[in-house]
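Trainee: need coordinates for the below:
(one chain, ligands or ions: 2)
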Amino acid sequence: MNNTDISELFAWEALDSRGTPTVACEVVLAGGGRGTAIVPSGASTGTHEAVELRDGGERYGGRGVSAAVANVVGPLADAVRGRDATGQADIDAAIRWADGTADLSALGANAALAISIANVKAAADAAGEPLYSYVAEAGAEPLLPLPMVNIISGGAHAGRAIDVQDFLVVPVGASSFTEAIDVAWRVRRGTAAVAEERGYNVALVADEGGLAAPLPSNRSALELLAAGIERAGLQLGTDAAIAIDVAATEFYNAEKGRYELASEGRELTSDELVEELRSWCADFPIVSIEDVLAEDDWDNWTTGTSTLAKVQLLGDDLFVTNSARLNRGIETGAANAVLVKPNQVGTLSDACEVVRAAQSARYATVLSARSGETEDSWLADLAVGWRTGQIKVGSTMRSERTAKWNRLLEIEARLGARAGYAGAAALSPNPGI
Ligand SMILES: O=C(O)[C@@H](CO)OP(=O)(O)O
Ligand SMILES: [Mg+2]
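Mentor: Ligands and ions are numbered 1, 2, ... in the order given. You can find the predicted model right below:
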C-alpha cells in the first residue's frame with residue numbers, strides 16, 4: 001500500500017442543526033492522513049436532487065440514517081478501500097459504481113458525500129496542505145467569496161409566515177471578506193432594532209438564524225430589510241444591496257398552474273409572479289433572485305430571465321447541482337447563475353464539474369450550505385479553492401453558520417496581502433471573475 005491509499009473508514013450518526021440525524025465519516029490513509037466530514041441536509045429540497053437515505057422505522061421518528069452509515073462502512077468502504085485518496089475522480093467514480101443509480105438512491109447521497117468529502121480532507125492532510133489550496137486547480141490563486149447573508153426568513157424555514165424564503169444582504173461596497181461580514185453584522189443589528197420598534201419578537205429565529213417575524217406581506221420584509229440597512233448607517237444599494245430566495249417551487253400549485261402567495265391570499269400565474277418581482281426590483285436595490293419560478297417551469301424561466309435580465313437569477317431547485325439540468329438552462333437561457341450544493345449531487349467531483357461548466361458559460365456560481373447544517377466548515381474551503389466568487393451560508397448567528405464564516409475570516413487573515421476578494425464583480429449578469 002502507498003501512503004495515500006485508503007486503509008480504513010469509520011462512520012457514525014451525528015446530529016445536524018435542526019437536531020436531525022446525519023452521516024459523519026472518517027477516512028484514514030495508510031500513511032496516517034485522516035479526514036472527517038459531516039454532511040448537511042435541506043428542507044426546501046428540489047425533486048431532482050440526489051436521494052438522501054433515511055431509515056423509516058421508529059428510531060428518530062423515521063429520520064435516522066443508520067442504513068446510510070452501514071452503507072459507508074459496508075459496500076462503499078469495500079469499493080474505495082485500497083484506492084489512492086489523491087485520485088478524487090477515481091474515488092467518486094467508485095462510489096457511483098458501487099451505488100449503481102444516477103440519483104445515488106441505492107446507498108444514499110448522504111453516505112456518498114460523507115466519504116467523498118472525508119476523502120479529500122484526508123488527501124489534503126496527507127499533502128500537508130490546507131483544504132482550500134489542495135482543491136484549487138494548478139496555478140489558481142485563492143479567492144475569498146462575496147457573501148450573501150440571511151437577515152429575514154420565511155417559507156419552509158420559518159413556519160411559512162411569509163412565502164419568500166430568504167431575504168439576504170449582499171455587502172456590495174465592501175472591499176474584503178472581513179469588511180463584508182462586518183457590514184452583514186451591522187445590517188442584522190439594524191434590522192433587528194427596526195423590527196423590535198415595529199413590535200416584532202426578535203428572539204424568534206428561523207432555521208438559518210434569520211429573523212422569523214410574522215410579517216404581513218413579502219414586500220414588507222423588503223421594506224424592513226431596507227430600513228435595517230439604513231438604520232445601520234449604510235447607503236442602500238451602494239454599501240449593501242438585497243438578494244432574495246423566492247424558493248417558488250415551495251408554493252407552486254402544479255394542478256392549478258398557479259403560484260400561491262398564501263400569506264397575502266393571492267394566486268399568481270408565472271408571468272404575474274415575474275411581474276411582481278420586477279416591481280420589487282424597481283423599488284428596492286435587489287441584485288440577486290433565486291428560484292424565481294418552480295423547478296420544472298422551464299419555458300417561463302426562459303422568458304422570466306429576459307424580463308429580469310439586469311439582476312442575477314440563480315437556479316437552485318431548477319438546477320439541483322446537476323450538469324445536465326445546468327446545460328439545459330445554458331442552452332435555453334434559463335437563469336444566469338447556479339447555486340451549488342454538494343449534497344444535491346452526492347460527490348465532490350460532480351459538484352466541481354458543475355462549477356467549471358457554469359464558469360465557462362459565464363454563469364455566476366454561488367456555493368451554498370443547507371438549512372440543516374453542521375459545525376463542519378469544508379464548504380468555506382471549497383468556495384476559496386474553486387474560486388466560486390460567492391457563498392451563501394445563512395445568518396451571522398448560530399454556530400453551524402459561523403463555522404463557515406469563521407473559516408473564511410481565518411483564511412483571509414492568514415493569507416494577508418495575498419488574499420484575493422471577489423467582491424460585487426462576482427455577481428451575474430456578466431460576472432467579472
Ligand atoms: O433553498 C435554499 O437555498 C437552502 C439554503 O437556504 O435551503 P434548503 O437547504 O432547505 O434547501
Ligand atoms: Mg434556495
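Trainee: what sits up against stretch 204-220?
Mentor: 17-18, 43, 150-154, 157-159, 161-164, 166-167, 191-192, 195, 200-202, 221, 224, 261, 263-264, 280, 369, 371-373, 394-398, 401 (Cβ atoms under 8 Å, 6 or more residues apart in numbering). To be clear about C-beta, it is placed using only N, CA and C from the backbone, and glycine gets the same treatment.
Trainee: for it, which positions count as buried?
Mentor: Neighbour-count burial for stretch 204-220 flags 204-213, 215, 218-220 (criterion: 16 or more other Cβ atoms under 10 Å).
Trainee: what's the answer for stretch 409-429, then?
Mentor: Buried residues in stretch 409-429 (16+ other Cβ under 10 Å): 409, 411-412, 415, 419-424, 426-428.
Trainee: quick revisit: out of the contacts of stretch 204-220, which sit inside strands?
Mentor: When the contacts of stretch 204-220 are checked against strands (DSSP state E), the matches are 150, 151, 152, 153, 166, 167, 261, 394.
Trainee: out of these, which two sit at the greatest distance?
Mentor: Maximum pairwise distance in the ones in strands among the contacts of stretch 204-220, criterion Cβ to Cβ, is 23.7 Å, between 261 and 394.
Trainee: more neighbours: these two, which one.
Mentor: residue 394 (29 against 19; other Cβ atoms under 10 Å).
Trainee: what helix or strand does the closest residue to that one other than its chain neighbours sit in?
Mentor: Take residue 394 and drop its neighbours on the chain: the residue closest to it by Cβ to Cβ, 6 or more residues apart in numbering is residue 208, 3.2 Å away. In the assignment (DSSP states H and E), residue 208 maps to no helix and no strand.
Trainee: if we can go back for a sec, between the ones in strands among the contacts of stretch 204-220, which is closest to residue 135?
Mentor: Nearest to residue 135 among the ones in strands among the contacts of stretch 204-220, counting by Cβ to Cβ, is residue 394 at 22.3 Å.
Trainee: quickly list what the closest one is bridged to.
Mentor: For residue 394, the beta-bridge partners are residue 149 (DSSP bridges).
Trainee: what sits against it?
Mentor: Contacts of residue 394 by Cβ under 8 Å, 6+ apart are 149, 150, 207, 208, 209, 210, 369, 371, 373, 400, 401.
Trainee: any chance you could map the strands in the stretch 301-433 of the chain?
Mentor: Applying DSSP state E, counting those that start in this stretch to the stretch 301-433 of the chain gives strands spanning 312-315, 337-340, 364-368, 389-394, 420-421.
Trainee: should've said the stretch 101-250 of the chain
Mentor: 143-144, 146-153, 166-170, 241-245.
Trainee: which residues are contacting the third one?
Mentor: Here strand 166-170 makes contact (Cβ under 8 Å, 6+ apart) with 146-155, 157, 183-184, 187-188, 208, 210, 221-222, 225, 229, 240-245, 247, 287-288, 290, 392, 424, 427.
Trainee: how much space between the residue nearest to the spatial centre of the chain and residue 63?
Mentor: For the chain, the residue nearest the mean C-alpha position is residue 368 (1.6 Å; Cα atoms, centre = their mean). As for residue 368, its distance to residue 63 is 22 Å (criterion: Cβ to Cβ, to the nearest Å).
Trainee: go on, residue 287?
Mentor: As judged by Cβ to Cβ, residue 287 and residue 63 stand 36 Å apart.
Trainee: neighbour count for these two, which is higher?
Mentor: residue 287 (22 against 16).
Trainee: return the residues of the protein in contact with ligand 2.
Mentor: Counting by Cβ under 5 Å from the ion, the positions of the chain adjacent to ligand 2 are 245, 316.
Trainee: what mean pLDDT would you report for stretch 260-272?
Mentor: When pLDDT is averaged along stretch 260-272, the result is 96.
Trainee: dump the buried residues of stretch 409-429 to TSV, plus distance to residue 379 and pLDDT.
Mentor: Shown next, in TSV, are the buried residues of stretch 409-429 (distance: Cβ to Cβ, whole Å; pLDDT from 0 to 100):
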residue	distance to residue 379	pLDDT
409	14	98
411	12	98
412	16	98
415	18	97
419	18	93
420	18	97
421	18	98
422	16	98
423	20	98
424	21	98
426	16	98
427	20	98
428	20	98
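Trainee: for the residue in the stretch 301-433 of the chain that ligand 2 sits nearest to, which residues are in contact?
Mentor: Evaluated by Cβ to the ion, the stretch 301-433 of the chain has residue 316 as its residue closest to ligand 2, separated by 3.5 Å. Counting by Cβ under 8 Å, 6+ apart, residue 316 makes contact with 46, 245, 247, 290, 291, 339, 341, 368.
Trainee: now the residue of the stretch 1-150 of the chain found nearest ligand 2: how far from residue 37?
Mentor: Per Cβ to the ion, residue 44 is where the stretch 1-150 of the chain lies closest to ligand 2, at 6.1 Å. Distance from residue 44 to residue 37, counting by Cβ to Cβ: 23 Å.
Trainee: and residue 367, by the same measure?
Mentor: Per Cβ to Cβ, residue 367 is found 16 Å from residue 37.
Trainee: what parts of this protein come near ligand 1?
Mentor: Residues of the chain found near ligand 1 (Cβ under 6 Å from any ligand atom) are 42-45, 165-166, 208, 245, 247, 316, 368, 370-371.
Trainee: what are the ranges of the helices in the chain?
Mentor: 66-71, 77-80, 88-99, 109-127, 131-134, 177-197, 218-231, 270-283, 298-307, 323-332, 342-345, 348-360, 378-386, 399-415 (DSSP state H).
Trainee: so how far is stretch 24-35 off the chain centroid?
Mentor: 26 Å (Cα atoms, centre = their mean, to the nearest Å).
Trainee: ends of it, what's the gap?
Mentor: Terminal residues of stretch 24-35 lie 11 Å apart, using Cα to Cα, to the nearest Å.
Trainee: show me which residues of that stretch are buried.
Mentor: 24, 25, 26, 27, 28, 29, 30, 33, 35.
Trainee: cheers, nothing more for now.
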